[in-house]
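> Let me see the structure of the following:
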Amino acid sequence: DSIRDWVDVHMQFADESLGGLFLSPGAIAHYGPNTLELLGRGFDSGLWEKQWTGSAWTGWRSLGGDIASGPAAVYVNTAAVMAFARGSADNLMSGSSSNKSWPTIDNGWISMGGKITTGPAAANTGDGHIWAFARGTDNALWYRKSSNTGKWSSWASLGGYVGSDITAVSPNAGEVDVFYLAADRTIELRYYTDAKGWSRPQSIDGTKFS
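Residues are numbered from 1 along each chain as shown. Now for the predicted structure:
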């Protein structure tokens, strides 16, 4: 509360309710400068979205689906955002917008297979590739990667032990960093570069989290 009050006073931000009732944390991505796509899992277990158009928020709109986790969202291009979620069958589900508009309810969802036990994470590495990550039934880190033509690789395991949901980010073109809680409750990092491939798991430091 004290941090929020300081921000409100010194940065002139005010709390703003965006409405809706949700079962899981949300996800956000952008289409470019001053545009946002906000996604959340509603009480109907469907995906809901609203957009910041640069001057105002649109209303909430149902995208349907039957998802069992909070979504992940990632920028594709200035007209498209891609969404991922764990499906009710514990598979990875995906959908995407086109021209900043989403398909008719339930028509845009595609199963990407797999058997996952966490919500997914996604990153755009800026070289034409989208990466999707999740924990498998063996508690290892698994991923799929799209090609420049939009074709997805098969599921591949990076091994290790994942003790939480995952987050992923691309710091530079052709690179991706993946973070999660390790077996010893520290935050662990795996990173990929085109030049060297995947790193070994490495702890950020000795701080433990729950």
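> CA only for contacts and neighbour counts going forward, please
Will do.
> Could you export the helix or strand bottoming out on mean pLDDT in the chain as PDB, CA atoms only?
Lowest by mean pLDDT, DSSP states H and E among the helices and strands of the chain is helix 2-11, with a mean of 75. Output of helix 2-11 as PDB, limited to C-alpha atoms (Å, rounded to 0.1, in the frame of the first residue of the first chain):
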ATOM      1  CA  SER A   2       2.800   2.500   0.900                       C
ATOM      2  CA  ILE A   3       4.500   1.900  -2.500                       C
ATOM      3  CA  ARG A   4       1.200   2.300  -4.300                       C
ATOM      4  CA  ASP A   5       0.500   5.600  -2.400                       C
ATOM      5  CA  TRP A   6       3.900   6.900  -3.300                       C
ATOM      6  CA  VAL A   7       3.400   6.100  -7.000                       C
ATOM      7  CA  ASP A   8      -0.100   7.800  -6.900                       C
ATOM      8  CA  VAL A   9       1.300  10.900  -5.300                       C
ATOM      9  CA  HIS A  10       4.600  11.300  -7.100                       C
ATOM     10  CA  MET A  11       3.800   9.900 -10.500                       C
END
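> can you list contacts of the next helix or strand after it?
Once the chain leaves helix 2-11, the next helix or strand it forms, by DSSP states H and E, is strand 27-32. Applying C-alpha atoms under 8 Å, 6 or more residues apart in numbering, the external contacts of strand 27-32 come out as 36-40, 70-81, 100.
> do the same with stretch 108-116
Residues from elsewhere that reach stretch 108-116 (C-alpha under 8 Å, 6+ apart): 65, 86, 89-96, 102, 134-137, 155.
> What mean pLDDT does stretch 86-100 get?
The pLDDT scores in stretch 86-100 average 94.
> Would you indicate which residues of that stretch are buried?
Applying a neighbour-count criterion of 16 or more other C-alpha atoms under 10 Å, one finds 86-87, 90-97, 100 buried in stretch 86-100.
> For that stretch, what is the distance to the chain centroid?
Computed by C-alpha atoms, centre = their mean, to the nearest Å, the chain-centroid distance of stretch 86-100 equals 11 Å.
> Can you dump the C-alpha atoms of that stretch in CSV for me?
Output in CSV follows, covering the C-alpha atoms of stretch 86-100 (Å, rounded to 0.1, in the frame of the first residue of the first chain):
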residue,chain,number,x,y,z
ARG,A,86,-3.4,-24.9,-20.6
GLY,A,87,-6.5,-26.7,-21.9
SER,A,88,-9.0,-28.7,-19.9
ALA,A,89,-7.2,-31.9,-21.2
ASP,A,90,-3.9,-30.5,-19.9
ASN,A,91,-2.7,-29.8,-23.5
LEU,A,92,-1.3,-26.6,-24.8
MET,A,93,-3.9,-24.4,-26.5
SER,A,94,-3.1,-21.4,-28.8
GLY,A,95,-5.0,-18.7,-30.6
SER,A,96,-4.1,-15.5,-32.3
SER,A,97,-5.7,-12.2,-33.4
SER,A,98,-5.5,-10.8,-37.0
ASN,A,99,-5.8,-7.1,-37.8
LYS,A,100,-6.1,-6.6,-34.0
